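>>> 3D, please:
(2 chains)
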Amino acid sequence: MAAFLRIKGFFNKLFSKKRSRVGIYGPPNAGKTTLANRIVRDVTGEALGPASEIPHETRRARRKEGVEISSGTGSKLMIDIVDTPGVTTKIDYHEFLEYGMDQDEAVARAREATEGVAEAMHWLREDIDGVIYVLDSTQDPFMHVNIMMIGIIEARKLPVVIVANKIDLPDAAPQRIKSAFPQHPVVEISGLEGNNMEALYAKIAEVFK
Amino acid sequence: MIQGVQLDMLSADRLSKMTSYEKIRLILDDVHQGCVVVLERGLTPEEQGKLLEATMMEIAPGGFSGIEIETYPSFGGEKGFFGKLFKKDDSSRMMVIGPVDQLKMLSREKDRLIAWASAAQ
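Residues are numbered from 1 along each chain as shown, chains lettered A, B, ... in the order given. Below is the predicted model:
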């Protein structure tokens, strides 16, 4: 019996398809956690983590395993979603003081945020199979951190979907994002309002299959 | 003594003789001293990722706050067969790196960067 179970386990491992780990990346305050929560909630009814207007609310990568994405045309894809801290080249604790934090709290948040950015980059280097790159449609997409991250993703030959988020805001200009990255699929959404999520799920199912 | 910002301009020839780690260490050492580093040939995406990770390790609240890094933005997606065939490597673009509290980008265009630099406090 034990031998049978071992053989069964061996064949299960041999023929089971590895689930893709899809990382949600982007600069701070682009709406990554709001989007991750929207995707996970649509599928499982749970949330992945708290979102806030204060930059670097997410300071540790969070993974949700076995999220089934339906394309709307009947095809389905099982992935792991990894929500990552916002990527930046600078972190100044004074920025957090403006949100009413005291100095100790702001310094601690800055320390955790630096570790979070390094952790996000480590995941990208070692453990991510595809990327959803989230950009705030009201901001300049040509910020160097975006050019750099897309360059790293391309160098690693990882499949990517670019999300032009926050299209519910009056000064959103998702067309600028499409002009900045014409070589990649761009989907316009509002993660907060849930607008156009079906188009995003269809693109995820197509690109990460 | 002239007050101002020290610029360290590194030629493509010199950079080509350095390892990734040597480049990153040189950049961060310069930036820690308040210098603005200009690379004739920019870092590769992998090197930029390593520079970002090393920068995060060295940020100290109340001290070093990180770097400003800029290059001419890529307007990506070379169109057509000849566009793809003769596409320039993005890392060949000049790159400017400096301390975030001393270097501020005022505008970035396809072929022009305007930055403002101040002396260390």
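
>>> most proximal residue of chain A with respect to chain B?
A:Lys90 (3.1 Å; C-beta to the nearest C-beta). (Glycine included, C-beta is placed from N, CA and C.)

>>> for that residue, which non-adjacent residue is closest in space?
B:Gly66 (3.1 Å; C-beta to C-beta, 6 or more residues apart in numbering or on different chains).

>>> check contacts around the one you found.
A:88-92, B:55-56, B:59, B:100 (C-beta atoms under 8 Å, 6 or more residues apart in numbering or on different chains).

>>> how close does it get to B:Lys50?
B:Gly66 is 15 Å from B:Lys50, where distance means C-beta to C-beta, to the nearest Å.

>>> check B:Ile69 too.
13 Å.

>>> more crowded one of the two?
For B:Ile69 versus B:Lys50, neighbours defined as other C-beta atoms under 10 Å in any protein chain shown are more numerous around B:Ile69 (28 against 18).

>>> so that one, which state does it fall into?
strand (DSSP: H, G, I helix; E, B strand; the rest coil).

>>> for it, which residues make a bridge with it?
B:Ile97 (DSSP bridges).

>>> just the helices in chain B please.
Along chain B, the stretches classed as helices by DSSP state H are B:12-16, B:20-32, B:45-58, B:80-85.

>>> now those helices in a markdown table, with distance to chain A and mean pLDDT?
Formatted as a markdown table, the helices of chain B follow (distance: least, C-beta to the nearest C-beta, whole Å; pLDDT from 0 to 100):
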| stretch | distance to chain A | mean pLDDT |
| --- | --- | --- |
| helix B:12-16 | 17 | 95 |
| helix B:20-32 | 11 | 97 |
| helix B:45-58 | 4 | 94 |
| helix B:80-85 | 10 | 49 |
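
>>> what helices or strands is the top helix by length along chain A leaning on?
If you go by DSSP H, chain A has its longest helix at helix A:103-126. In terms of contacts (3 or more C-beta pairs under 8 Å, 6 or more residues apart in numbering or on different chains; DSSP states H and E), helix A:103-126 is packed against strand A:20-25, helix A:94-97, helix B:45-58.

>>> partners of the first one, with directions?
Paired neighbours of strand A:20-25 in the sheet (DSSP bridges): strand A:76-83 (parallel), strand A:130-136 (parallel).

>>> not counting its neighbours along the chain, what's nearest A:Asp140?
Once flanking residues are discounted, A:Asp140 sits nearest to A:Arg176: 7.6 Å by C-beta to C-beta, 6+ apart.

>>> Three-state assignment for that neighbour, please.
A:Arg176 is classified as helix under three-state DSSP.

>>> look up the pLDDT of the nearest residue to A:Val134 once chain neighbours are set aside for me, please.
Of all residues not flanking A:Val134 in the chain, A:Gly26 sits nearest, at 3.7 Å (C-beta to C-beta, 6+ apart). We have a pLDDT of 97 for A:Gly26.

>>> and what of A:Lys90?
Reading off the confidence values, A:Lys90 has pLDDT 94.

>>> that one contacts B:Glu68, correct?
Yes: the pair formed by A:Lys90 and B:Glu68 meets the contact definition of C-beta atoms under 8 Å, at 7.1 Å.

>>> contact residues of chain A facing chain B?
A:87-93, A:106-107, A:110-111, A:114-115, A:117-118, A:121-122, A:124-125, A:142, A:144, A:147-148, A:150-152, A:154-155, A:179-183 (C-beta under 8 Å from any C-beta of the partner chain).

>>> hmm, back to that, mean neighbour count, the strands paired with strand A:20-25: which tops it?
strand A:130-136 (a mean of 24; mean count of other C-beta atoms under 10 Å in any protein chain shown).

>>> relative to helix A:103-126, how tilted is that strand?
140 degrees (axes from the mean of the first three to the mean of the last three C-alpha atoms, to 10 degrees).

>>> CA atoms of strand A:130-136 as CSV?
Only the C-alpha atoms of strand A:130-136 are listed here, as CSV (Å, rounded to 0.1, in the frame of the first residue of the first chain):
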residue,chain,number,x,y,z
GLY,A,130,4.6,36.6,-14.8
VAL,A,131,3.9,40.3,-13.9
ILE,A,132,0.8,42.5,-13.6
TYR,A,133,2.4,46.0,-13.7
VAL,A,134,0.1,48.5,-12.2
LEU,A,135,0.3,52.2,-13.0
ASP,A,136,-1.8,55.1,-11.8
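
>>> which parts of the very next helix or strand once past it are buried?
Following strand A:130-136 in sequence order, the next helix or strand is helix A:144-155 (DSSP states H and E). For helix A:144-155, a neighbour-count test (16 or more other C-beta atoms under 10 Å in any protein chain shown) marks A:144-154 as buried.

>>> show me what helix A:144-155 is packed against.
If contacts are counted by 3+ C-beta pairs under 8 Å, 6+ apart, helix A:144-155 sits against strand A:130-136, strand A:160-165, helix B:45-58, strand B:67-71.
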